[in-house]
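Engineer: what follows is a predicted protein model with its sequence.
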There are 2 protein chains.
Amino acid sequence: MIARTPEAFAKSGIDVRLHTRAAAIRPEQGSVELDSGDKLPFNYLVVATGATPRRPSVVGEDLEGIFFLRNVTDAVRIKRFIEERNAKRAVVVGAGLVALEMCEAFRALGLETTVVYRRDLPMLRLGEDFAEQILQELEANGVKFMGDTTLEGFEQASGGNISVQTSNGRLETDLVLLAIGVVPAVKLATEAGLALGPTGAIAVNDRLQTNIPTVYAAGDCCECYHRISRRPVYAPLGDVANKQGRIAGANIGGQSLTFDGVVGSICFKVFDLEVASTGLTEEEAKEAGLKAASFTIQGASRAHSYPGSRELQLRLVAESESGLLLGAQGLGGDGVVSRINALAVALTGGLTLEDLAYLDLAYAPPFSGAWDPIHIAAQQLLK
Amino acid sequence: MIARTPEAFAKSGIDVRLHTRAAAIRPEQGSVELDSGDKLPFNYLVVATGATPRRPSVVGEDLEGIFFLRNVTDAVRIKRFIEERNAKRAVVVGAGLVALEMCEAFRALGLETTVVYRRDLPMLRLGEDFAEQILQELEANGVKFMGDTTLEGFEQASGGNISVQTSNGRLETDLVLLAIGVVPAVKLATEAGLALGPTGAIAVNDRLQTNIPTVYAAGDCCECYHRISRRPVYAPLGDVANKQGRIAGANIGGQSLTFDGVVGSICFKVFDLEVASTGLTEEEAKEAGLKAASFTIQGASRAHSYPGSRELQLRLVAESESGLLLGAQGLGGDGVVSRINALAVALTGGLTLEDLAYLDLAYAPPFSGAWDPIHIAAQQLLK
């Protein structure tokens, strides 16, 4: 670990102020006002205020034992609570990436785990077929899933327990994780006159400049361009934030770099299942005004004959006339992220199904069949 | 398993003749002459004569216990020989993909295994640094590697053993595998007036037609176009053969498909090491007349903090002025083929280092860090 103390930063000429809050950004004065009243002058400013967890706005959401998870400090706090209270039960509200990953973490610690979710299946964006398999994986690993269930509030129960009130009745638990998404932290930005985009996050150009050219924004507080839907999207993901930060910094430092946007790649592991997606789903493609078709194949992560080969499903989405790839979703025991990443590159390169059908992928039985699931899916969708 | 008997084929109107050899192709007559003297007329012909193992041309190479490996029948024959003779020692001549994979197979059966190779390291095409690690992996798994060693001949030794004579002395062994590559089987083709390309394999256009338009060729008997070096290459690989066969068949069947060539993707597993390559090495790029530079990074297969993350090395090769990706080579414990396949797609799409440096790959700690080895390598080579 590199020690990143204020003193270490100071040696590089970087003034790090901990426990200091910005009260206002004053672009017209070229300064940031601190809550101490001090002013920090700037030639360039980067707004990297991140995101805050979405709150359900129900009674009792501030009770002890109700957590959000945004960072390592939160994780340590949750783990300590479980240990100190000898917690045996967790309720997870939400069924997104963080919620599903935390189900695995809670089960690994031996907690009885229940998901409360407003829709009937998790990850419905990926299609009902994939959503059902994700649900099965949760249930096979002892997670109870309460679908079609609205959170109504929390109450303190006896012995420090929490009573969770839902549209499907009450649940008693030791701790609750609220994982219903995040919202961009844009209060300072809007007060300073920085323009927000249609997603509600700070609008930036491809150099990461806001509407005020000396003010840049990067990370979970700003939106980014989706190269396939050609629309601004809100993608509060660690890897996107890293890229935006680096490009904003490089531009301020005198380079000229552009961030050409995302293709919408995500992945997660839930117990023994690998799930990944890039680009648009068929539904999203249609919402974006594109004529699209999709095909889903059942394939294998390695050559069928090779020990340890696991089943996977791969769905390709392409533009109907041109055959241009628009997206891909995959799910299986192994080798899913690998295919989705290759297809993320294909989206970046503007490849068509014909390109994909005969792509020169590295072949050896421990890694795939002579026809990879990518080839097979592209050939099927071409038909 | 689908039963692929002549009877089953006959039901689809396909006349399969086993134990039948073509004596000559007569394009001017539109027929193939069988060694029985019969003639098979054709409108279209596909030459798929494959390749034959390269022979070392030394004395004694036909002794019992000396094997080639081209197909499953060969593999079964070798395994049966090991069992029946209770073989304890194997000598592998050559150090290519088949040779290295067979070292692992022989060691798995408990055989003392020695590689005899004319160069000082295996897989030198991938660079000395990678070659040395492959050697270490072989040796760590009990394979003896005799480098800088020329095969001089074989003699029958006592008790059915074989004495292998090399430039570095004699070796006694129970069996020998000759794995020094393959040569295209083009005798019938050349006698029929089909043109060979510069590689010595049958020349075909992108529709897989030979110089005689009604005669197609596909698979290990013909060459293919390398999209990066823009030269014909001989790539006798199962996945390439599959693609060529399918495209030749589709064209004969009335479709109009082109095979746009390979980018040169290969991969193999040798014991606990994953090795893969796509496109050109720096040396090959220079031989192809391109100004190229490369950079090799040390990365990790998953997020550093994630259990099971393994070290890997990734080398990118790019054109000096344009930054156009020309190739990539990787080696490590895990996650290598996945990166090389993404880069094979990048080669297909004509991506540059700037594209790769900020590629939207799916990120989650079980699968990579927020900066993937691909990003890091591209950023380093851009410097």
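Structural biologist: Good, I have the coordinates.
Engineer: what about residue A:149, distance to residue B:50?
Structural biologist: With distances taken as C-beta to C-beta, to the nearest Å, residue A:149 is found 61 Å from residue B:50. Where you see a C-beta, it was placed from the backbone N, CA and C, and this is true even at glycine.
Engineer: quick one, which of the two is more surrounded?
Structural biologist: More crowded of residue A:149 and residue B:50, by other C-beta atoms under 10 Å in any protein chain shown: residue A:149, with 20 against 17.
Engineer: okay, now the residue of the stretch 201-350 of chain A found nearest chain B: neighbour count?
Structural biologist: Here the stretch 201-350 of chain A gets closest to chain B at one residue, residue A:349, 2.0 Å apart by C-beta to the nearest C-beta. When neighbours are defined as other C-beta under 10 Å, residue A:349 has 17 of them.
Engineer: which residue sits closest to it, ignoring its sequence neighbours?
Structural biologist: residue B:349 (2.0 Å; C-beta to C-beta, 6 or more residues apart in numbering or on different chains).
Engineer: kindly report the same for residue A:122.
Structural biologist: Take residue A:122 and drop its neighbours on the chain: the residue closest to it by C-beta to C-beta, 6+ apart is residue A:95, 3.6 Å away.
Engineer: and residue A:343, helix, strand or coil?
Structural biologist: Taken by DSSP: H, G, I helix; E, B strand; the rest coil, the conformation at residue A:343 corresponds to helix.
Engineer: can you check residue A:330 too?
Structural biologist: Under three-state DSSP, residue A:330 comes out as strand.
Engineer: domains in chain A, as residue ranges please.
Structural biologist: Using automatic domain parsing, the domain parsing of chain A gives A:1-42, A:66-180, A:186-262, A:266-382.
Engineer: okay, the ones you listed in JSON lines with distance to residue B:212 and mean pLDDT next?
Structural biologist: Formatted as JSON lines, the domains of chain A follow (distance: least, C-beta to C-beta, whole Å; pLDDT from 0 to 100):
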{"stretch": "domain A:1-42", "distance to residue B:212": "66", "mean pLDDT": "87"}
{"stretch": "domain A:66-180", "distance to residue B:212": "49", "mean pLDDT": "97"}
{"stretch": "domain A:186-262", "distance to residue B:212": "44", "mean pLDDT": "97"}
{"stretch": "domain A:266-382", "distance to residue B:212": "24", "mean pLDDT": "96"}
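Engineer: any idea which of these is most buried?
Structural biologist: The highest mean neighbour count among the domains of chain A, using mean count of other C-beta atoms under 10 Å in any protein chain shown, belongs to domain A:266-382: a mean of 22.
Engineer: quick check: end-to-end length of that one?
Structural biologist: 25 Å (C-alpha to C-alpha, to the nearest Å).
Engineer: check the offset of that domain from the chain's centre.
Structural biologist: 20 Å (C-alpha atoms, centre = their mean, to the nearest Å).
Engineer: can you check stretch A:33-52 too?
Structural biologist: On C-alpha atoms, centre = their mean, the centre of stretch A:33-52 falls 26 Å from the chain's centre.
Engineer: repeat that for stretch A:194-202.
Structural biologist: 19 Å.
Engineer: now do stretch A:186-204
Structural biologist: Centroid separation between stretch A:186-204 and its chain, computed with C-alpha atoms, centre = their mean, is 20 Å.
Engineer: now do the contacts for residue A:55.
Structural biologist: A:61, A:178 (C-beta atoms under 8 Å, 6 or more residues apart in numbering or on different chains).
Engineer: swap in residue A:381?
Structural biologist: For residue A:381, the contact set (C-beta under 8 Å, 6+ apart) comprises A:293, A:294, A:295, A:316, A:318, A:353.
Engineer: among the residues you listed, which lie within strands?
Structural biologist: Mapping these onto strands (DSSP state E) picks out A:293, A:294, A:295, A:316, A:318.
Engineer: what's across from the second one in the sheet?
Structural biologist: When assigned by DSSP bridges, residue A:294 has beta-bridge partners residue A:317.
Engineer: wait, it touches residue A:314, no?
Structural biologist: No: counting by C-beta atoms under 8 Å, residue A:294 stays clear of residue A:314, with 10.6 Å between them.
Engineer: related to what we said a few turns ago, I'd like the domains of chain A as TSV, with distance to residue B:62 appended.
Structural biologist: Output for those, formatted as TSV (distance: least, C-beta to C-beta, whole Å):
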stretch	distance to residue B:62
domain A:1-42	63
domain A:66-180	56
domain A:186-262	59
domain A:266-382	30
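Engineer: closest to residue B:122 out of those?
Structural biologist: For these, the distance to residue B:122 is smallest for domain A:266-382, at 15.9 Å, taking C-beta to C-beta.
Engineer: got the contact list for the helix or strand harbouring residue A:83?
Structural biologist: Assigned by DSSP states H and E, residue A:83 belongs to helix A:72-85. Residues outside helix A:72-85 that contact it (C-beta under 8 Å, 6+ apart) are A:65, A:67, A:68, A:69, A:87, A:109, A:111, A:160, A:174, A:175, A:177.
Engineer: show me how far that helix is from its chain's centre.
Structural biologist: With C-alpha atoms, centre = their mean, you get 22 Å for helix A:72-85.
Engineer: likewise stretch A:230-239?
Structural biologist: Centroid displacement of stretch A:230-239 relative to its chain, using C-alpha atoms, centre = their mean, is 9 Å.
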